[in-house]
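Chemist: I'd like to go over a predicted model; first the sequence, then the structure.
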Amino acid sequence: MDASTIGMIAFAAVLILLALRVPIAFTLAAVATVATFFIFAFRTGTFMPERAIKATTSMVFSNSFDLIHSYDLSMIPLFVALGHIAYRADITTKIYHAAKVWLTRLPGGVAMASVMGCGGFSAITGSSIACASTMGKICTPEMLRMGYDPRLATASVAAGGTLGSLIPPSVLFIIYGIFTETSISSLFLAGVLPGLLTLAGFVLVIAVWVWRDPAVAPSTDQRYTARERWQAALDSWPAILLFVLIIGGIYGGIFTATEAAAVCVVSATLIGFVQRKLDWAGLWAAVKETCVQTSAIFLIAASAKIFVAFVALTGVAGTIVGFVSDAQMSLVVLMLCIALIYLLLGMFLDPIGIMVLTLPLMIPLVESYDLNLIWFGVVVIKLLEIGLITPPVGLNVFVIANVVGREAPIDKIFAGITRFLSVDFIVLILIMSFPMISLLIPMAAR
Amino acid sequence: ETVLIHGEAGPNRGARADALQWFADQVAERSDGDMRFDIQWGGALFKANAAVQSIADGVADTGSVIAVYYPQEMAGYGIADLPVNNPDAWVGMRATDELMRSSQAIQDDLADKNLVYIGTWTTSQVNIGCKGGAIKSVADISGKKVRGVGAYGKVFGEQGANMVNMSIYDAYQGLDTGLIDCSQGYSYAVAALKQAEVMDSYTILDWGQVGGLGIFMNKDMHDSLTPEQQETLASVGSDMADEFGRLITDANDKAIASMKEQGVEVITLPEEDRAQLVEAGKKFLDEWAETAGSAGLPGDELLEEYKGLIAKYTEQRDAEGYPWEAKSN
Amino acid sequence: MLVNLEKILLGLGALAVIALGVLITSNVIARALFASQVPDSVTMVRELMVAAILLPLAAATAARAHVSVAFVTDRFPDRARSVLIVAGSAIGMLALAPLIYSGGREFFAVVEKGSFFYGDLNLPKWPGRLLFLIGMIATFLRLAELTWRDGRTVLAGGVVSDEQQHAADLLAEKDVL
Ligand code: NA
Ligand code: NA
């Protein structure tokens, strides 16, 4: 049996096991391990189990250990801890009270504020997962408490988190720039308009959703006086301070996005203690809850990493791209095929994994059609972000499900996400049809 | 047909990738299609810090190894990373390649780890790029926030720099926001990582290289090949130093030219300042010899041999020029 | 006993998260105010990450915090779904066994060679590998216990649920063994 056949069987096995309720992390790791064993065992034509065991176990260990043994990803447990600590220190409640008081007459206003907050957060940190895990803890419980429909309360945060890579700075653009030898600052600038367009689309989705079904976002007739409104804004100072600290620290060259997470955790803890809203027991409980959540999230991410290495061994990505490049198709058909490839891979794999697997094969193909690589980069990043919220493997959705718990099972989140996805596809078509949307700002900056 | 899987942590663009592709193409050509490489780029199979055990365990048949991730396991190869007086990429590679092939101690040590040496690259010489105040003398290093790597980084620290630990990928943003003032680098990597976009000056140090990066092979796989196949790999691996020397010299020249075009001030460190850096690096040679000793290698002997080889190939370059120049004449 | 072990590991994981926050913040302060740095802070953060992520994994498993796709099997009869939940835990053991095997091999290899990370302090490589191994073994044991306990329930004609318990519930849980 050749490697790509094993690859196809493995993809089918993943779908079946996921449908049969096997936890996502276990599915990806177990299927990748077993399939990798068969690839190694039959590589030379004869069955060689001993060497295959050595190679397979070495591969699964190094890929999972490497993912966890990471400096940059320390941002994730720290931002999750920030969410829990801010929640227990009443910081999140205050900011949501302010949002409610100010946006009381705007239907769905708090969800819109959440999407924008998410967009802002992920834009700054550059990590969609960090955003989903922090904002999931901060925004979703507050929206649920206000009586928002769980689909809206979760999907708006999951979708908002995907803005992280289009709006600069962005890890994905940096990796794309290195793989294609294109200007990273041009890529950053090219992502701005498509990112804002997506953000506007998400706000529009919420407005239409709430307009057609007002029950999903209860509004009150309660009127607040100007004094009450300013008091609410004033009371939310700790959140505003943290926000200013993150932005000022990162853009002022005082710390990196990873370091910002640590600085914010320490600051939020100090604020909580000074305001007497947080004590040692509360801090300890918050950190323990952080641990349970992040360990489950990382196990999924580590398994996804193992799966990427397995897919690399199968050569499936090369087969698909080779098929497209041999077909000599017209530009429109080519772009549709490329979109389809990224959407299919995005169903299963994480963004960095997909880029590493496809770009070395895809870029020569794209260059042979004489396409603009900056514009193509924006298209690819947009496609990868869509993959974060498509079933069956949508990392952002899992993160939110994990953070929120039993009130929002993942099928409910996916159900809410379909509306955001439809806007994503409209934006995608616009970006693909009108390269100017991406290229306007970089060209103006020359 | 034998298909060999190669694991590479870097992207498929740039001089190093071109040399690896050249290696793969040459092996296919010289073996008349009997051997072929399937290269997995970007660390899809394993990251640089897992390369040694991944190759030894057969995750890939061959792979790119960076010695600095394995100060103990790859102590022998780490000799090429030392801050000795070693500014020429081709000379450095030829010296490293000959040492790796001729030293029985290193060969045995590798065999112990189920590895075989195939060929070498280098970062080429270490330089430093800054935003804001430029480094025009060793005294200018003091007080700067510097992202450094390896023993070179330690020397910058000893000259009074405030060392900031971050990955080379984060250096772009670090320079941009002012989190760091300077980043240690190599001309072609500065171009590949687009760092010139965020640099004001680039100081050429004419010092040493980080040369401990190259191709290694799983020994079981190597032993299962025919002697002709093994010979093909060895000879293409050795020739890769010449090909990469040509590529890197060209890429570095282009990178410097492009930096100048982008308005980056290119500075050459004065001779006496340069000597000061080479001198300051000496204590790290002793440190290395100690590590090599604990790994069972004759550290001081290898150092003498290595320095001798650098002198030998420097002489050869001065007498005959680079091999690719001879070919084109 | 398993619960006590998990509680200790969870507590150590929580300490690691706090240490991450303090260590990284100290490094920022050292750099911004004192023009210096915490030596090898990047290496220490990486090693602490293994503790923060993997030591609590057994507790997370006990709390059934692993996300799965529920909507297909929600339409199945209770008994069939219970069998699938047991199968899920068993597949988890299948996924972790190779990690434990190679994690152990790697741990002994770095101990034997005396491997270290290049840096100011040349910190040894074994602690992170050991933490990985401990976290994975504890999780494997919990999965084995879940498979055994849920399997017996199903064989006795009962049904089991994989609904996530929150950390607060877990901490209140009495020793079940
Ligand atoms: Na961003
Ligand atoms: Na997906």
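Modeler: On my side now, so go ahead. Ligands and ions are numbered 1, 2, ... in the order given.

Chemist: So which residues of chain C form helices?
Modeler: Taking DSSP state H as the test, the helices found in chain C are C:2-34, C:41-54, C:57-62, C:78-113, C:126-155, C:167-172.

Chemist: Burial-wise, tell me which of those helices comes out on top.
Modeler: Of those, the one with the most neighbours on average (mean count of other CB atoms under 10 Å in any protein chain shown) is helix C:57-62, at a mean of 28. (Glycine included, C-beta is placed from N, CA and C.)

Chemist: other SSEs contacting that helix?
Modeler: helix A:280-314, helix C:2-34, helix C:126-155, helix C:167-172 (3 or more CB pairs under 8 Å, 6 or more residues apart in numbering or on different chains; DSSP states H and E).

Chemist: Out of those, which gets the lowest mean score?
Modeler: Among these, helix C:167-172 carries the lowest mean pLDDT, a mean of 42.

Chemist: Around chain B, pick out the residues from the stretch 151-300 of chain A.
Modeler: When proximity is defined as CB under 8 Å from any CB of the partner chain, the stretch 151-300 of chain A approaches chain B at A:169, A:174-175, A:177-181, A:183-185, A:250-256.

Chemist: contacting residues around stretch C:38-52?
Modeler: A:65, A:68-71, A:73-74, A:77, A:291, A:294, B:165-166, C:12-13, C:15-17, C:19-20, C:23-24, C:26-27, C:30, C:117, C:119-121, C:123, C:127-128, C:131-132, C:135 (CB atoms under 8 Å, 6 or more residues apart in numbering or on different chains).

Chemist: what do you get if the cut-off is 7 Å, keeping everything else the same?
Modeler: A:68-71, A:73-74, A:77, A:291, B:165, C:12-13, C:16-17, C:19-20, C:23-24, C:26-27, C:30, C:117, C:119-121, C:123, C:127-128, C:131-132 (CB atoms under 7 Å, 6 or more residues apart in numbering or on different chains).

Chemist: what's the closest non-adjacent residue to the residue nearest to the spatial centre of chain A?
Modeler: Nearest to the mean C-alpha position of chain A, by CA atoms, centre = their mean, lies A:Ser128 at 3.3 Å. Nearest residue to A:Ser128, sequence neighbours excluded (CB to CB, 6 or more residues apart in numbering or on different chains): A:Gly164, at 4.1 Å.

Chemist: Could you report the neighbour count for the one you found?
Modeler: If you count neighbours by other CB atoms under 10 Å in any protein chain shown, A:Gly164 ends up with 29.

Chemist: I'd guessed it sits against A:Ile124; true?
Modeler: No. Between A:Gly164 and A:Ile124 no contact is recorded; they are 8.8 Å apart, counting by CB atoms under 7 Å.

Chemist: where's the nearest residue to A:Ala415 once chain neighbours are set aside relative to ligand 1, distance?
Modeler: Setting aside the residues directly before and after it, A:Ala415 is nearest to A:Arg151 in space (CB to CB, 6+ apart), at 5.6 Å. To ligand 1, A:Arg151 is 26 Å away according to CB to the ion, to the nearest Å.

Chemist: likewise A:Ala327?
Modeler: Using CB to the ion, one obtains 35 Å as the distance from A:Ala327 to ligand 1.

Chemist: What distance do you get for that residue to A:Ser433?
Modeler: Using CB to CB, to the nearest Å, A:Ala327 is found at 22 Å from A:Ser433.

Chemist: Turn the helices of chain C into a markdown table, including distance to B:Asp206.
Modeler: Converted to a markdown table, the helices of chain C look like this (distance: least, CB to CB, whole Å):
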| stretch | distance to B:Asp206 |
| --- | --- |
| helix C:2-34 | 30 |
| helix C:41-54 | 29 |
| helix C:57-62 | 51 |
| helix C:78-113 | 36 |
| helix C:126-155 | 38 |
| helix C:167-172 | 58 |
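
Chemist: who wins for proximity to A:Leu395 among those helices?
Modeler: helix C:41-54 (15.7 Å; CB to CB).

Chemist: Let's test this: mean pLDDT of that closest one, rounded?
Modeler: Here the average pLDDT along helix C:41-54 is 95.

Chemist: Run through the residues that contact A:Met75.
Modeler: By CB under 7 Å, 6+ apart, A:Met75 lies in contact with A:125, A:127, A:130, A:257-258, A:261.

Chemist: quick one on the thing from earlier: of the residues of the stretch 151-300 of chain A next to chain B, list those near chain C.
Modeler: By CB under 7 Å from any CB of the partner chain, the members of those lying near chain C are A:254-255.

Chemist: Give me the subset of the residues of the stretch 151-300 of chain A next to chain B that lies in strands.
Modeler: Using DSSP state E, the subset of these located in strands is empty.

Chemist: Quick check on the residues of the stretch 151-300 of chain A next to chain B: which are buried?
Modeler: A:169, A:174-175, A:177-180, A:183-185, A:250, A:253-256 (16 or more other CB atoms under 10 Å in any protein chain shown).

Chemist: And those residues, which two are furthest apart?
Modeler: The span of these, defined through CB to CB, is set by A:Thr180 and A:Ile254 at 31.4 Å.

Chemist: And the contacts of stretch A:81-91?
Modeler: A:92, A:134, A:137-138, A:238-239, A:261, A:264-265, A:268-269, A:271-272, A:275, A:277-278, A:282-283, A:286-287, A:289-290, C:17.

Chemist: What's the PyMOL line that selects buried ones from the residues you listed?
Modeler: Here is the PyMOL command that selects the buried residues among those (16+ other CB under 10 Å):
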select buried, (chain A and resi 92+134+137+138+238+239+261+264+265+268+269+271+272+277+278+282+283+286+287+289+290) or (chain C and resi 17)
